[in-house]
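Q: Sequence plus predicted model, see below.
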Amino acid sequence: DAGITQSPRYKITETGRQVTLMCHQTWSHSYMFWYRQDLGHGLRLIYYSAAADITDKGEVPDGYVVSRSKTENFPLTLESATRSQTSVYFCASSESGSSSYNEQFFGPGTRLTVL
Amino acid sequence: AQKITQTQPGMFVQEKEAVTLDCTYDTSDQSYGLFWYKQPSSGEMIFLIYQGSYDEQNATEGRYSLNFQKARKSANLVISASQLGDSAMYFCAIDTGFQKLVFGTGTRLLVSP
């Protein structure tokens, strides 16, 4: 399927477990992003990637790890999940990272619950 | 650091009327971009409109327009002729460079028949 997909769509895990959220895009966009959405905070950037093998921290990176070995994939790993990481996670991609107009395309989101 | 403030947690409008959703921003950059996204109850994020800091004209996209007042650092979204399908959360965001968006907390719009 063309576009940007996330898996799983829903995940329930326990405190201390490792969890990986997957993100795949078919547009060959250079930039990819991970956001989390919590009530009262809007969306906050966790990590972003400018290209394969280039990643950098966003606003709330603690407790998360990313990698990007291929342009189309950008997995997000919670190394040891905590209850505070219960959230909805959105992956996004865009063609370029310049400050000119470049729309970010969002995936459908993953709802993660940490018990 | 860049910041977006959306002071209206909820707004109500009747169908076919216009509504303005407020957004103020804080940045020390001269070049920046402002975005509005819609999030319906189904959860996806839908891009609506973009305004660049050097754009002289206010952006328009169909029924959406952006009232950009640079000196006041505001970028309000105007939806004309509201439809029931416009009921959703609306987020304002600023591009902090390399498309790293900072979002506001959102405004929930409810359109009544």
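A: Received, thanks.

Q: In space, what's closest to the residue nearest in space to the middle of chain A - neighbours in sequence excluded?
A: Centroid check for chain A by Cα atoms, centre = their mean gives A:Trp34 as the closest residue, at 2.7 Å. In this structure, A:Trp34 finds its nearest non-sequential neighbour in A:Ile46, 4.3 Å apart by Cβ to Cβ, 6 or more residues apart in numbering or on different chains. For glycine as for every other residue, the C-beta is placed from the backbone atoms N, C-alpha and C.

Q: Okay, buried residues for the strand or helix carrying that neighbour please.
A: Taking DSSP states H and E as the definition, one finds A:Ile46 inside strand A:42-51. Neighbour-count burial for strand A:42-51 flags A:Gly42, A:Leu43, A:Arg44, A:Leu45, A:Ile46, A:Tyr47, A:Tyr48, A:Ser49, A:Ala50 (criterion: 16 or more other Cβ atoms under 10 Å in any protein chain shown).

Q: swap in stretch B:36-52?
A: Residues of stretch B:36-52 classed as buried: B:Trp36, B:Tyr37, B:Lys38, B:Gln39, B:Met45, B:Leu48, B:Ile49, B:Tyr50, B:Gln51, B:Gly52 (neighbour count, 16+ other Cβ under 10 Å).

Q: Could you pull up the contacting residues of residue 74?
A: Reading this off chain A. A:Cys23, A:Gln25, A:Met32, A:Trp34, A:Ser49, A:Val66, A:Ser67, A:Arg68, A:Cys91, A:Ser93 (Cβ atoms under 8 Å, 6 or more residues apart in numbering or on different chains).

Q: if you could check chain B rather than the one you did, that'd help
A: By Cβ under 8 Å, 6+ apart, the contact list for B:Ser74 reads B:Asp22, B:Cys23, B:Thr24, B:Tyr25, B:Asn67, B:Phe68.

Q: For the residues you listed, which single residue is the most surrounded?
A: B:Cys23 (28 neighbours; other Cβ atoms under 10 Å in any protein chain shown).

Q: got a list of what it touches?
A: B:Cys23 neighbours (Cβ under 8 Å, 6+ apart): B:Ile4, B:Thr5, B:Gln6, B:Leu34, B:Trp36, B:Ser74, B:Ala75, B:Asn76, B:Leu77, B:Cys92, B:Gly104.

Q: pLDDT weak spots in chain B?
A: Scanning chain B for pLDDT under 70 picks out nothing.

Q: With chain A instead?
A: Across chain A (using pLDDT under 70), the flagged ranges come out as A:1, A:97-101.
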